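Asks: give me a model of this one.
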Amino acid sequence: MPILFRGQTLTMLLLSCLALPASVQADVPLNELTEAERRSGWELLFDGKSTDHWRNFKQDSVSDKWVIEDGILTLTGSGGGDIITKEQYDAFELQLEFRISKGGNSGIMFHVTEEERTSYMTGPEVQLQDNVDGHDPQKAGWLYQLYKPMKPAWAKRFEAQVGFKGIEMDDATRPVGEWNHVYLRLHPQQSEVQVNGVHYYYFVKGSDDWNARVAKSKFAKWTKFGKADKGHICLQEHGNQISFRNLKIRKLPADGKAPNPVDATLPLKPELAFPDLTFEGWKPVSDDGLPQPLRPIELIHGNDGTNRLFVATQGGRVWVFPNDSAAKQATLFLDIRKRVHQWKKDDEEGVLGFAIHPKFKDNGEVFVYYNNEDKARGVHLSRFKTSKDDPNRGVPASEEILLSFEQPFSNHNGGPMAFGPDGYLHIGMGDGGGRNDPTGQGQAKDSFMGTILRIDVDHKDPGKNYAVPKDNPFVGMEGVPGEIFATGIRNTWRLSFDPKTGSCWMGDVGQDWLEEVNIIVKGGNYGWSAREGTHVFGNADEPKGLKVVDPVWEYDHRIGKSITGGYVYRGSRLPELAGHYLYGDYITGLLWGLQYDEKSGKVIRNVSIPWIGQNIIAFGQDEKGEVYVMTPTVNGKFIYRLSREQ
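Replies: Sure thing, here's the model as predicted:
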């Protein structure tokens, strides 16, 4: 029986012995833009060769104490002076990496003007320092004497739910000698600071709260401090050695929205795929006058030649209906609501995964991953049979529990699953929840949490209702569940296989900074919680010998905040989408198609697909490879397809 929570720290297994195809390794060159950054409006402030974008404060050039070597900009010691951008910025986002010397201190200032004697008399400062041996009580990432990290309310809620007490103040900085990533957003509506992918705080420059904090600080005596609406970005000299690289900026418009990272917008439109479809046993409003919303989580076919579609919902019901745009009613195939912990109680719980056996025509088996009502945080992965008398009815009494375990928190419970071309069931897990992976599940490997599982549902090992495939990468390794196929996952939200290539595509929901599209490979480690996307995350010790499979695509939280993975389009209705991975964002309601060359490991293009603006909660695919988009619904109209704009 696998260990369900992280206990003692295991010696991390070196993955260098596992064959990780080069085609899924993202190319993130030093001081260059990734494909996603280039498309979403980021620009370089430092190219690794020159300081063309910079000059010293009140000077025309940069001091020779600022040295460039091997693509790194280093202040070698005292006397180099503060350097500022030649250009002035009003609303912007800045990201950079810094490496501090032992006991070192520096800072990033913004909206600096040259009216006063020094830069800090006008420009607020995000502190940079060695938090271990540094002399200043203001820690790295704090807005000097003004703001410091605060735990978000949502994190407190999840902790209170299970009686977990995490740290109240984050220190996400990595130690001397390691690189740290800082993100600063400055906009009149809301500004933000993150360190190593961890949100620290929000602020609104010039607000009543801001002014009250300034009045209590040492900066109150300077009348022009923080008053400018536009100014230079400044890297501070504080007499200590500090290095910088990957300095990037994105200018923001008045509405604060970042550019959609696309190459084109396709002339398509969404339309209801089954406009007249109703659902047996469900109506929009209860007899008590209360709305009865539905949350679809999967729409798949039975691969049985009947051209039927099955739609599973988070509340515990599965319907089946003919794949015909004129279809009138969906038959209730399975109803296990009484066994399911409802999402109305805990938003990220309920039925989270549904899969149909590849030999469904012969055995009538379906599989459901759900939070069970009998035990708080409990999860079942169960097999159900189809009635021998009616192919449109499942048998709730036929339930056979294959896996049963507990989750640490009520979020990041995973659940999306699909059968691969090898006939094995692949299950996308989450890290168990909370914030910042508080129990260390992402890299633990002694738990199902933070992994992709792969099991054989057609055979049974002793003591199990399934078998572990002999070729799973960690079979036989002490202390590691053999079910694990890949690791380093934060929270799988939808997983699918390309019916043409057999590749496993997955959307991994990010925390504060990046959303990921991944191709899952045997033994791959996708980085969480040492990494988020292509960036470092937090300051936990990285496993020795860590080798990470980077995402094939990522986007940041000014574009979207919760990825919904989809399917590779292999239909015939829209040839312009052939080979594109369709995916969306649940929060912003953006819909995209990503064309990716697996052989070269390069993104060919990312296209925007017009959408209705509603939350994108899941996708679906039929026997012909046509892809559907689904939204939460209060009226039963939630399955959309794409058509050409006339």
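Asks: tally of neighbours for the closest residue to A618 other than its chain neighbours?
Replies: Nearest residue to A618, sequence neighbours excluded (Cβ to Cβ, 6 or more residues apart in numbering): M630, at 4.7 Å. The C-beta positions use only the backbone N, C-alpha and C, and glycine is treated the same way. Neighbour count for M630, taken as other Cβ atoms under 10 Å: 26.
Asks: kindly report the same for the one 3 residues further on.
Replies: Taking other Cβ under 10 Å as the criterion, the count of residues near T633 is 19.
Asks: do the same with E478
Replies: The tally of other residues near E478 (other Cβ under 10 Å) stands at 8.
Asks: give me phi/psi at it?
Replies: Per-residue torsions, E478: phi -60, psi 130 (degrees, to the nearest 10).
Asks: what's near enough to touch the nearest residue to G239 once chain neighbours are set aside?
Replies: Leaving out its chain neighbours, the residue that sits closest to G239 by Cβ to Cβ, 6+ apart is S78, at 4.1 Å. S78 sits next to K65, E237, G239, N240 when contact means Cβ atoms under 8 Å, 6 or more residues apart in numbering.
Asks: filter those to the buried ones?
Replies: With burial judged by 16 or more other Cβ atoms under 10 Å, the buried subset of those is K65, E237, N240.
Asks: quick one: the first one and L73 touch, right?
Replies: No: assessed by Cβ atoms under 8 Å, K65 is found out of contact with L73, at 11.3 Å.
Asks: tell me the phi and psi of the residue nearest to G239?
Replies: Torsion angles at S78 (phi, psi; degrees, to the nearest 10) stand at phi -60, psi 140.
Asks: what is the burial count for Y202?
Replies: Neighbour tally, Y202, other Cβ under 10 Å: 13.
Asks: coming back round to it: tell me the pLDDT of the residue nearest to G239.
Replies: pLDDT, S78: 90.
Asks: make CSV from the contacts of S78 and add secondary structure, distance to D90 and pLDDT to it.
Replies: Formatted as CSV, these follow (DSSP: H, G, I helix; E, B strand; the rest coil; distance: Cβ to Cβ, whole Å; pLDDT from 0 to 100):
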residue, secondary structure, distance to D90, pLDDT
K65, coil, 30, 97
E237, coil, 25, 97
G239, coil, 31, 93
N240, coil, 30, 94
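Asks: nearest to H135 among these?
Replies: N240 (10.2 Å; Cβ to Cβ).
Asks: can you give me how far stretch 115-129 is from the chain middle?
Replies: Put simply, stretch 115-129 sits 34 Å off its chain's centre (Cα atoms, centre = their mean, to the nearest Å).
Asks: that should have said stretch 472-479, apologies.
Replies: Stretch 472-479 sits 27 Å away from the centroid of its parent chain (Cα atoms, centre = their mean).
Asks: tabulate the CA atom coordinates of it in CSV.
Replies: Extracted in CSV, the C-alpha atoms of stretch 472-479 (Å, rounded to 0.1, in the frame of the first residue of the first chain):
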residue,chain,number,x,y,z
ASN,A,472,6.7,1.8,-15.2
PRO,A,473,9.8,3.8,-14.5
PHE,A,474,10.0,3.4,-10.7
VAL,A,475,9.0,-0.3,-10.4
GLY,A,476,11.3,-2.0,-7.9
MET,A,477,12.7,1.2,-6.4
GLU,A,478,12.5,1.2,-2.7
GLY,A,479,10.0,3.6,-1.1
